[in-house]
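Asker: test case, fold it:
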Amino acid sequence: APTASAGERDTVVPLSKIRRLTGDHMVMSKATSPHAFSVVEVDFANVDVVRTKVKNDWKATHGFSLTYLPFIARAVIDGLSEFPHLNASVGENDLIVHNFVDLGIAVDLDYDGLLAPVVRDAETKRLAAIASEISDLADRARSRKLSPDEISGGTFTLTNNGSAGSVLTMPIINQPQVAIISTDAISGSGPGGRITRDDVLDHIDATGANRQEPAPAAPAAPAAPAAPAAPAATPSPAVPAPAAAPARTAAPAPTASAGERDTVVPLSKIRRLTGDHMVMSKATSPHAFSVVEVDFANVDVVRTKVKNDWKATHGFSLTYLPFIARAIIDGLSEFPHLNASVGDNDLIVHNFVDLGIAVDLDYDGLLAPVVRDAETKRLAAIASEISDLADRARSRKLSPDEISGGTFTITNNGSAGSVLTMPIINQPQVAIISTDAIVRKPVVTTGPDGGEAIAIHPVGNIAMSWDHRAFDGAYAARFLARVKEILETKD
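Answerer: Here you go, the predicted model:
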């Protein structure tokens, strides 16, 4: 994996203990479990009937608002009773099904990491009790007033990135065991020698109980296609753990051989280098995934007005991509940890935007030429530079300097018809955005009088893969929500 080092225009932001622990856990989880991802869309009209009916009395009685989350939590708990293999952990050669639901609720600590306090025996509790417990645990998590027992041992976890504006997020599985620590080895600094959360984190930092061995880097350009990277080593417990299943050796990757009905197609050098980089990136960064849906009607007003003059003046069509690029650049100024690279124990934040634009080379691989100092350029200049770089990438006329050193990358799969793409991070960056197909869809609009109506607008998804070591879902979701706001409202 590439090692990031700070330049004179970068800012080094030390990663806090909880941020590093969160990142380490995500790396371990992605190396341990082959993550898959499934989605359903839900109509919450039935839930809204109840919330509308009781929300005022609820707030007066309980002191907090009744959100959708407790309803979702109760439905998940009921579902787990019918599909118990989801409420389980994987042993060496078996599945350990938990006959109770200890429901973890992931809480963002002001972009500084995650905790997942646990609602114990949630299957025994009614919706009102679950709502109250979630609110209490979340409040005490943010004020750092939870005990270690309240953040350990969950059997299933919910994370709520919708509160930050994301419409689709691929979370990372909360593994059942990150480290085992003997409290006998920890000196308590709390009242009466009580062991606090900071004491536990200090102990982990001092002993390395939760550190992962780095995944082996993929070779720069092997003669044959690279085998998948081996999983990172699971963390060694600080004390013996007889109940823990022994670590298993990963099965070797299957080797393909051509049969008489097959055709062998040699992989080009750029295809092999692209593949090697993707294998290395997935082994390095715990990829998470968030999506927002954007109404491009505001952008279309401009494109329709200027497209003919633009084409005559510049010689190419004005697409949606430069508008999206400019909105991303503006968003990065407010969420700078996305324009960064991960160091050993810190985040190297780049105080400039070198924007990579991934270009497909006729299905033969990818290059990502770079728009340098993009934050200093207006939309028209960005559009011209993207068009020039893409044309010269396809004709193999770029210099090495033009394809190195980006700080953030955009890939435009919408031009090929995809409506949702999960891209792979361009190392050593910490995020990459995919712009997907923009199609005309019915949307709900609000008129000047506040009334709602149905209109047909151009709508598309903006999807982002991001490195969970650098930040969490709330930070990613609020960045995407800001990009959406810029595209939908900016003049």
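
Asker: look up the closest residue to residue 74, ignoring the ones flanking it.
Answerer: Using CB to CB, 6 or more residues apart in numbering and skipping the chain neighbours, the partner closest in space to residue 74 is residue 127 (4.7 Å). In this view, the C-beta of every residue, glycine as well, is placed from N, C-alpha and C.

Asker: pLDDT on stretch 269-288, on average?
Answerer: The average pLDDT within stretch 269-288 is 90.

Asker: actually, stretch 337-352.
Answerer: According to the model, stretch 337-352 has a mean pLDDT of 94.

Asker: can you give me the buried ones in that stretch?
Answerer: Across stretch 337-352, burial judged by 16 or more other CB atoms under 10 Å covers 337, 338, 339, 340, 341, 342, 343, 346, 347, 348, 349, 350.

Asker: can you report how many residues lie near the residue nearest to residue 74?
Answerer: Other residues within reach of residue 127, judged by other CB atoms under 10 Å, total 15.

Asker: residue 359 now?
Answerer: By other CB under 10 Å, 21 other residues sit near residue 359.

Asker: which residues touch it?
Answerer: For residue 359, the contact set (CB atoms under 8 Å, 6 or more residues apart in numbering) comprises 366, 367, 368, 369, 389, 390, 393, 394.

Asker: name the SS class of the most centrally placed residue in the chain, please.
Answerer: Centroid-nearest residue in the chain, with CA atoms, centre = their mean: residue 288, separated by 2.9 Å. Secondary structure state of residue 288, per DSSP: H, G, I helix; E, B strand; the rest coil, is strand.

Asker: bridged to it, which residues?
Answerer: residue 466 (DSSP bridges).

Asker: from the middle of its chain, how far away would stretch 60-73 be?
Answerer: 26 Å (CA atoms, centre = their mean, to the nearest Å).

Asker: from the opening residue of it to its closing one, how far?
Answerer: 22 Å (CA to CA, to the nearest Å).

Asker: swap in stretch 118-134?
Answerer: So stretch 118-134: terminal residues 8 Å apart, CA to CA.

Asker: mean confidence for it?
Answerer: 95.

Asker: do stretch 87-102 as well
Answerer: Average pLDDT, stretch 87-102: 86.

Asker: returning to what we had before: residues in contact with the residue nearest to residue 74?
Answerer: Counting by CB under 8 Å, 6+ apart, residue 127 has contacts 70, 71, 74.

Asker: and with 10 Å instead?
Answerer: For residue 127, the contact set (CB atoms under 10 Å, 6 or more residues apart in numbering) comprises 50, 66, 70, 71, 73, 74, 75, 77.

Asker: need phi/psi at it.
Answerer: phi -60, psi -40 (degrees, to the nearest 10).

Asker: likewise for residue 381?
Answerer: Torsion angles, degrees, to the nearest 10, at residue 381: phi -70, psi -40.

Asker: could you pull up the contacting residues of it?
Answerer: 322, 326, 371, 374.

Asker: in helices only, show me those.
Answerer: In helices, defined here by DSSP state H, the members of the contacts of residue 381 are 322, 326.

Asker: how near is the nearest residue to residue 159 once chain neighbours are set aside to residue 323?
Answerer: Of all residues not flanking residue 159 in the chain, residue 106 sits nearest, at 3.8 Å (CB to CB, 6+ apart). Here residue 106 is placed at a distance of 33 Å from residue 323 (CB to CB, to the nearest Å).

Asker: mind checking the end-to-end distance for stretch 314-329?
Answerer: Stretch 314-329 end-to-end distance (CA to CA) = 23 Å.

Asker: for that stretch, which residues meet the burial criterion?
Answerer: In stretch 314-329, counting by 16+ other CB under 10 Å, buried: 318, 319, 320, 321, 322, 323, 324, 325, 326, 327, 328, 329.
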